[in-house]
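>>> turn this into a model:
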Amino acid sequence: MPSSFDSQRLHRELDKIGVPHQQDERVAAVSRLLRLKTFATRSLLYSRVVPPKDVLARAASELEVDPEWLVGK
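Presented below is the predicted three-dimensional model:
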């Protein structure tokens with residue numbers, strides 16, 4: 001697993017499923033989708049820290065993509 005995470009692929013997939021672009025709306029929608037607290041969602045969307053495996057797996061499942069692809073492998 002890489003030591004940093006580029007959330008561009010995540011944002012691109014969220015765009016495809018119609019998640020709002022406005023930051024607060026996007027955070028709220030992704031929090032509901034992935035059953036995460038707001039701070040965890042913000043970290044996932046806007047930091048370069050690799051998300052925990054369970055969060056990454058849940059995101060990949062919801063977005064119907066491979067978790068390895070989502071982290072840039």
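
>>> for this structure, what spans make up the helices?
Taking DSSP state H as the criterion, the chain contains helices spanning 8-16, 23-34, 38-46, 53-63, 67-70.

>>> elements contacting the shortest one?
Spelled out, that is helix 67-70. If you count contacts as 3 or more C-beta pairs under 8 Å, 6 or more residues apart in numbering; DSSP states H and E, helix 67-70 packs onto helix 8-16, helix 53-63. Backbone N, C-alpha and C define where each C-beta goes, glycine included.

>>> make a markdown table from these and add distance to Gln22 and mean pLDDT to it.
Shown next, in a markdown table, are those (distance: least, C-beta to C-beta, whole Å; pLDDT from 0 to 100):
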| stretch | distance to Gln22 | mean pLDDT |
| --- | --- | --- |
| helix 8-16 | 12 | 94 |
| helix 53-63 | 19 | 94 |
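
>>> turn these into TSV, including distance to Trp69 and mean neighbour count.
TSV is the format used below for those (distance: least, C-beta to C-beta, whole Å; neighbours: other C-beta atoms under 10 Å):
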stretch	distance to Trp69	mean neighbour count
helix 8-16	7	15
helix 53-63	8	16
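
>>> got the ones you listed as a markdown table, with distance to Leu36 columns?
Listed next are the helices and strands packed on helix 67-70 as a markdown table, based on distance: least, C-beta to C-beta, whole Å:
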| stretch | distance to Leu36 |
| --- | --- |
| helix 8-16 | 13 |
| helix 53-63 | 7 |
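
>>> understood, closing this out.
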